[in-house]
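S.K.: I'd like to go over a predicted model; first the sequence, then the structure.
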Amino acid sequence: MHKVAHIFFDLDHTLWDFDSNSRETLNELYHEFNLVSFGIEKPKHFIDRYILHNDKLWGMYRDNRISKHRLRSARFEATLRDFKILDKDLAKSIGSAYVVQSPNKTKLNEGVLSLLDKLKNTYTLHIISNGFQEVQMVKLNASGLMPYFKEIITSEKAKAKKPNPRIFDFAMKTTGAKPSESLMVGDNYEIDILGALGANWKAIHYMPEGISKHNLVVRKLPEILDLL
C-alpha cells in the first residue's frame, strides 16, 4: 500500500475484544446485583436483552439523539423493563458499575499485539474511536495497548462521531497526517470504512466473517501486513 505513514485503529471490536469483555462484565453484574432474585432466571437472558437495547441506544447516541449520561442508565432501564423490573435506581447502579468494571477487562482480538509490534517501528499509530474519552483511556492502559499509540482521538475530543468527516479532519490536524498517507483499520463498514473513504483516506475492513463491501478486507488482523 503506497505511502501510508499513519495508521488509525478503531478500538472497540477491532483491537479490544468488546464482545467478550462486555459479556464477562455483564455476567459478573448479574451475580453482583443478585438479578435472579428479581426474576431474571439466567445471566444469558439478561445479557441478550442488554445487547439488544445497547446497540439501539448507541445508534441513537451516534445520531446525537441521546446524551452520554442518558445512554449509560437508559440501556439498563430498558433491559430491566423487559423483565418487568421498574427500578431506575437499580438500573443506574448497574450502569455505574458496568462503566467502572468493563473497561478494566483485558481481552484483545487475536493477533493484536504481534501486529502492533511489527508496525510500530515503521508507521505512526493512532486510535480513533466513538467511545467515551475516559473509558477508552482505561481500556488502553489496562490492556497494555497505550504505549503503541501516539494520539488517542475520541469523538468527545473531536466533537464529532465517525463517520462524520469532522472527526477525520480533527485527526489530521491533531497528528499532522495527510489524507494520502492515512489508513483507517476498523470493523464497521458504515462507520469506519465509509467514514475514512469519505475523508480520502485508505481503509482496511477487519471482518472476521470475511464478507465485506470493501475491496480491502482481512479476517485476521495480522493479514494487514500482507496488504501493507
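M.R.: Good, I have the coordinates. The model shown is predicted, which means the values in this text are computed figures rather than measured ones.
S.K.: For the rest of this, base every contact and every neighbour count on C-alpha atoms.
M.R.: Noted.
S.K.: residues touching the closest residue to residue 13 other than its chain neighbours, list them.
M.R.: Closest residue to residue 13 apart from its sequence neighbours, by Cα to Cα, 6 or more residues apart in numbering: residue 187 at 6.5 Å. Residues in contact with residue 187 (Cα atoms under 8 Å, 6 or more residues apart in numbering) are 10, 13-14, 205-207.
S.K.: Please flag which of those sit within helices.
M.R.: With DSSP state H as the criterion, helices contain none of the contacts of residue 187.
S.K.: any idea which of those residues is closest to residue 21?
M.R.: Nearest to residue 21, judged by Cα to Cα, of those is residue 13 at 10.1 Å.
S.K.: in terms of contact, does that closest one touch residue 20 like I think?
M.R.: No: using Cα atoms under 8 Å, residue 13 is not in contact with residue 20; the gap is 9.5 Å.
S.K.: What values do phi and psi take at residue 15?
M.R.: Taking degrees, to the nearest 10, you get phi -100, psi -50 for the backbone angles of residue 15.
S.K.: and it, what pLDDT?
M.R.: Reading off the confidence values, residue 15 has pLDDT 98.
S.K.: wait, isn't it in contact with residue 115?
M.R.: No: counting by Cα under 8 Å, residue 15 does not reach residue 115; the two are 10.3 Å apart.
S.K.: which ones are touching the residue of the chain most remote from its centre?
M.R.: Distance from the C-alpha centroid of the chain peaks at residue 37, with 32.1 Å (Cα atoms, centre = their mean). Not one residue lies near residue 37 by Cα under 8 Å, 6+ apart.
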